[in-house]
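Student: generate a structure from the sequence data that follows.
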Amino acid sequence: MAAHDVGQALTFRGKCWKFGDNVPTDEMGEFFAQEVGNVLAGLNPRFPVEVKPGDIVVGGHSFGQSSGRALAAKVLRATGISCIVVESAARTFWRNCIEIGLPILECPGVSKLVEDGDEIVVDIEQGVVLNPATGAVARTEPPDDFLRDMLRAGGLIPFVRARPELWGA
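Tutor: Okay, the predicted model is just below:
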C-alpha cells in the first residue's frame, strides 16, 4: 500500500481551541471513564461544552506531559476534534495519538499563528498550518510516510489489520 492509497485525508479545517505550555494529561480528565464532559475544563471551561466535531486543538510546548496514559489521547479524540497541532508534545502522548489515529503535528511557531476561536487549516501531509484570516503560515517537517499511513488507516490496529504482509501473516 503506497501513501495516499486508502484511508482518511490528512488535511483539516476547523475552529481552533488554543492552550498554552505544559498541558498535562491529567487536565484531559481525572476520571477517564466519564471524562469527555470534563476534558480540558480546568484550562478552558468552555471547551468540553462547546467543542464540535472537526475542531482543532492547538497547544504550546510540552503538550501532554505527565502520565503516559493512552486514555488521555482517547478522551481528546472522543470530543470529535479532527487533529492536534502543538509547539512540542511529550513523546508518549504524541505516540499515543498516532497509534489511536488522532492526527498530531509538532509545528514550531503555531502558537503565535492563531488565537482561540480562529478557523485554521492543518495539512499533516505537507506539515503546514494556515490561518486564512491573517494569511499567516507555519511550516514543519511532516510525520514520515509510515506514520502518515498509520494515521490514514485510523491508527495502529487498523493499520496492522490492513497490511498483514508486513507482519508475516
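Student: strands of this structure, residue ranges please.
Tutor: For the chain, the strands defined by DSSP state E occupy 11-18, 56-59, 83-86, 104-106, 119-123, 128-131, 136-139.
Student: Phe19 and Leu40 touch, don't they?
Tutor: Yes - Phe19 is in contact with Leu40 according to Cβ atoms under 8 Å; the separation is 6.8 Å. Where C-beta positions appear, they are placed from N, C-alpha and C, glycine not excepted.
Student: which of those two has more neighbours?
Tutor: Taking neighbours as other Cβ atoms under 10 Å, Phe19 and Leu40 compare with Leu40 leading, 23 against 20.
Student: ok, the more buried one to Asp145 distance?
Tutor: Per Cβ to Cβ, to the nearest Å, Leu40 is found 31 Å from Asp145.
Student: in CSV, list the C-alpha atoms belonging to stretch 149-162.
Tutor: As requested, the backbone C-alpha atoms of stretch 149-162 are provided in CSV (Å, rounded to 0.1, in the frame of the first residue of the first chain):
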residue,chain,number,x,y,z
ASP,A,149,-0.1,5.7,6.6
MET,A,150,-0.9,4.7,10.1
LEU,A,151,-2.9,7.9,10.6
ARG,A,152,-4.7,7.3,7.3
ALA,A,153,-5.6,3.8,8.4
GLY,A,154,-7.1,5.1,11.6
GLY,A,155,-4.4,4.0,14.0
LEU,A,156,-2.1,1.1,14.7
ILE,A,157,-4.6,-1.7,14.9
PRO,A,158,-6.4,-0.9,11.7
PHE,A,159,-3.1,-0.3,10.0
VAL,A,160,-1.8,-3.7,11.0
ARG,A,161,-5.0,-5.4,10.0
ALA,A,162,-4.9,-3.8,6.6
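Student: now that stretch: average pLDDT?
Tutor: Averaged across stretch 149-162, pLDDT comes to 92.
Student: which parts of that stretch are buried?
Tutor: 149-155, 159, 162 (16 or more other Cβ atoms under 10 Å).
Student: ok, which of the strands of the chain comes nearest Trp167?
Tutor: strand 104-106 (24.4 Å; Cβ to Cβ).
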